[in-house]
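> with the input below, show me the fold.
(one chain, ligands or ions: 2)
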Amino acid sequence: MPAPPKDARSCLAEVLEVERVGDDGVILSVRPEIAMLDVRASRFFMLRHEDARSPAIPRPFSLYRQRGRELEFLIKVMGRGTQALAQSRPGEKLRLIGPLGNGWPALDGDGPMWVMLAGGVGSAPFYLAIEQALKGMDGKARCGKDHVAFLFGAARKGLLYDVDAFRGFGVKVFTATDDGSDGFKGNVLQLLETLWSRGTLPRECRLLACGPERMLEAVEHLAQEKHLECWLSLETLMGCGVGICNGCPVPTRPDGPLGAWPNAKCCVEGPVFSTRDIAL
Ligand SMILES: Cc1cc2nc3c(=O)[nH]c(=O)nc-3n(C[C@H](O)[C@H](O)[C@H](O)COP(=O)(O)OP(=O)(O)OC[C@H]3O[C@@H](n4cnc5c(N)ncnc54)[C@H](O)[C@@H]3O)c2cc1C
Ligand code: FES
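Numbering: from 1, shown residues only. Ligands and ions are numbered 1, 2, ... in the order given. This is a model prediction of the structure:
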């Protein structure tokens with residue numbers, strides 16, 4: 001049975017800052033009571049206020065940045081849970097459970113280029129991913145800046161959260177907006193096809209994607225069609241985050257390594273899955 005990660009902890013964390021970002025987002029910085037070792041990109045934490053402001057069920061968020069003891073979360077305000085977190089004030093305490101889930105595979109510099117596809121707040125697990133790819137992790141060869149491309153798509157410019165921070169890495173960054181208010185006019189997959197056809201990016205690459213479900217379905221189909229290695233970071237609804245409630249099923253491929261059971265649990269077997277393992 002898949003179990004919660006051994007390094008997961010439940011603790012209080014002090015709110016340090018809440019910075020507005022984009023049209024409807026915040027970057028929430030907290031300092032947990034317990035120091036965390038380096039957390040692999042695309043692992044996540046469950047967060048809530050321990051009073052009536054937050055729903056009883058905590059909400060899952062990818063770790064956006066880690067600066068020593070400080071953790072940062074990029075949060076798009078959707079409903080009651082995210083609103084309560086966005087309205088946190090410095091000095092308040094939050095309940096934090098994590099780190100949870102698996103995270104991206106080790107982003108080594110040995111194979112084809114890494115092409116990262118983000119849709120809206122699906123950019124959250126990519127800041128650390130790029131940072132860890134450039135510095136190397138788990139003894140794997142680190143990537144050169146030319147070995148990473150970040151394609152960031154959103155409905156409009158105001159939803160390309162914190163995009164300048166990504167540009168600051170010096171990797172290839174391309175943006176796409178549905179209304180053409182920033183970068184390419186169209187979606188992130190149309191942008192990828194255009195960059196391939198112009199020869200700006202190599203067709204042989206490894207894909208990582210996080211974003212709305214329809215975008216991830218399209219990425220999955222593209223990866224199957226082009227025979228590309230591809231990992232998706234899924235944002236299912238989650239009740240517990242630790243494998244108990246069965247609230248986060250993801251359909252598995254019968255012929256894949258997880259195919260012995262029709263569903264995997266996104267919280268403990270994901271949130272990152274290879275497209276060889278699941279069928280959205
Ligand atoms: C592993 C993981 C990592 C995540 N990382 C981030 C992150 O870094 N930043 C971030 O802003 N969000 C992230 N999310 C999504 C975030 O957890 C939800 O937006 C949040 O739970 C919504 O809570 P709420 O109480 O504000 O909204 P609710 O009141 O619960 O819902 C409001 C509306 O949002 C919809 N909604 C709720 N959850 C989701 C979801 N997962 N996907 C699509 N629509 C949803 C509901 O159907 C409803 O229409 C992540 C989710 C997972 C599973
Ligand atoms: S969220 Fe409860 S089992 Fe996954």
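> in stretch 57-77, what's buried?
Of the residues in stretch 57-77, those buried by neighbour count under the rule 16 or more other Cβ atoms under 10 Å are 58-66, 70-77. Where you see a C-beta, it was placed from the backbone N, CA and C, and this is true even at glycine.
> for it, measure first residue to last.
Using Cα to Cα, to the nearest Å, the end-to-end distance of stretch 57-77 comes to 16 Å.
> now the strands for the stretch 151-280 of the chain?
Assignment of strands within the stretch 151-280 of the chain using DSSP state E, counting those that start in this stretch yields the ranges 172-177, 184-185, 205-210, 230-233, 249-251, 263-265, 272-274.
> distance to Ala52 and mean neighbour count for those strands - can I get that in JSON lines?
Listed next are these as JSON lines, based on distance: least, Cβ to Cβ, whole Å; neighbours: other Cβ atoms under 10 Å:
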{"stretch": "strand 172-177", "distance to Ala52": "38", "mean neighbour count": "21"}
{"stretch": "strand 184-185", "distance to Ala52": "44", "mean neighbour count": "16"}
{"stretch": "strand 205-210", "distance to Ala52": "31", "mean neighbour count": "24"}
{"stretch": "strand 230-233", "distance to Ala52": "31", "mean neighbour count": "26"}
{"stretch": "strand 249-251", "distance to Ala52": "30", "mean neighbour count": "16"}
{"stretch": "strand 263-265", "distance to Ala52": "29", "mean neighbour count": "20"}
{"stretch": "strand 272-274", "distance to Ala52": "34", "mean neighbour count": "21"}
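> of these, which is nearest ligand 1?
Go through these one by one with Cβ to the nearest ligand atom and the one that ends up closest to ligand 1 is strand 230-233, at 7.0 Å.
> I'd like to know which elements that closest one is packed against.
The criterion is 3 or more Cβ pairs under 8 Å, 6 or more residues apart in numbering; DSSP states H and E, and the helices and strands that strand 230-233 contacts are strand 205-210, helix 213-226, strand 272-274.
> which SS state does the closest residue to ligand 2 within the stretch 51-200 of the chain fall under?
Taking Cβ to the nearest ligand atom as the measure, the stretch 51-200 of the chain has Pro60 as its residue closest to ligand 2, at 7.8 Å. Classification of Pro60 by DSSP: H, G, I helix; E, B strand; the rest coil places it in strand.
> isn't it up against Arg43?
No. Using Cβ atoms under 8 Å as the test, Pro60 is too far from Arg43 to be in contact (10.4 Å).
> what's the overlap in contacts for these two?
Between them, Pro60 and Arg43 share these contacting residues under Cβ atoms under 8 Å, 6 or more residues apart in numbering: Leu100.
> for the closest residue to Ala218 other than its chain neighbours, list the residues it contacts.
The spatially closest residue to Ala218, leaving aside those adjacent along the chain, is Leu189, at 5.4 Å (Cβ to Cβ, 6 or more residues apart in numbering). When the contact criterion is Cβ under 8 Å, 6+ apart, the partners of Leu189 are Leu117, Met215, Ala218, Val219, Leu222.
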